[in-house]
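Undergrad: kindly generate the corresponding structure for this input.
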Amino acid sequence: MKTVSLKTALAIAIKAARAAGKVMHDNWHKPKRVNSAEAHDVKLELDVQCQALIEKILAAAFPQIPVLGEEGSTGDVNAEYRWVIDPIDGTVNYFLGMPHACVSIALQHRAQSVVGVIYDPFTDEIWTTTTGQPTRLNGKIVRVSNRSKIEDSVIAMGFSKSADNLKKSLPHLIRISKRAKKVRIMGSAALELVYVASGRLDAYIERTINLWDVAAGSLLVENAGGEFYTLPAPNGKLRMCADNGKLRKKLQVGSLLK
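TA: Got it, this is the predicted structure:
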């Protein structure tokens, strides 16, 4: 495959993210059709609709690039280039009417993110970056925080659904809560990542997460001067800690991420 123009890919990803975000915002207070409900999650018809809209826009510009998405995949997702998308990250928040959800789109080259776009339609904030470029929020360069003491820091944590993950995560939540200025559990991995990139949060930790939750946000954190640390987990999932580059070792999350 020919080399993809990252500038063009970024522009198309922004277009797609804004289009899906508009659908989210327009349907925010309307009744929502549930495709499936689980103990700790919900899947909406709007998830499927938003992914289909994103795929249509991406394919119009890059018909040869496959899509790996939360709502299904198209083409050979092990190809040299692939889009990785989460059409609505924070679906439970969105379903309940809480305005903390977003669209996440990444372009990966050989499984490494080279374009990252995350759009929050409720604040009309869009975070963008490409390889070698700074992270921007609505066009303005943003950076991670400089806080280096846990006692001064605001830390986010997330919890996947299994009993094993809860059992291993909760002791760390208690330990970190006793030291950090504040702990937040907000329900959108992609937004937590860009909050780290913007200095709103100082670190974000999750023991088990999907690639589409972090593909865009990881690049946005790194290009804002932060650190995205990850380890493989079973079933293609990931263990991760994103921070400002000053806190991960002090947080002592090694045993959590094993």
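
Undergrad: make it CA atoms for all contacts and neighbour counts henceforth
TA: OK.

Undergrad: mind listing the helices for the stretch 1-150 of the chain?
TA: For the stretch 1-150 of the chain, helices defined by DSSP state H, counting those that start in this stretch occupy the ranges 6-26, 45-61, 91-95.

Undergrad: go ahead and name everything in contact with the shortest one.
TA: Judged by Cα atoms under 8 Å, 6 or more residues apart in numbering, the contacts made with helix 91-95 from elsewhere in the structure are 28, 32, 41, 42, 43, 44, 47, 99, 100, 101, 187.

Undergrad: for the chain, which residue is closest to the average position?
TA: residue 190 (2.3 Å; Cα atoms, centre = their mean).

Undergrad: got the contact list for that residue?
TA: So residue 190 contacts 89, 102, 104, 118, 213, 214, 216, 217 (Cα under 8 Å, 6+ apart).

Undergrad: identify the bridge partners of the second one.
TA: On DSSP bridges, the residues paired with residue 102 through beta bridges are residue 89.

Undergrad: strands - which of the contacts of residue 190 land there?
TA: Using DSSP state E, the subset of the contacts of residue 190 located in strands is 89, 102, 104, 118.

Undergrad: got a winner among these for most neighbours?
TA: residue 104 (34 neighbours; other Cα atoms under 10 Å).

Undergrad: surely that one touches residue 88?
TA: Yes: the criterion here is Cα atoms under 8 Å, and residue 104 meets it with residue 88 at 7.5 Å.

Undergrad: where exactly do the strands run in the stretch 101-250 of the chain?
TA: Counting by DSSP state E, counting those that start in this stretch, the stretch 101-250 of the chain has strands at residues 102-109, 112-120, 125-130, 136-137, 140-141, 154-158, 182-184, 203-209, 227-232, 238-243.
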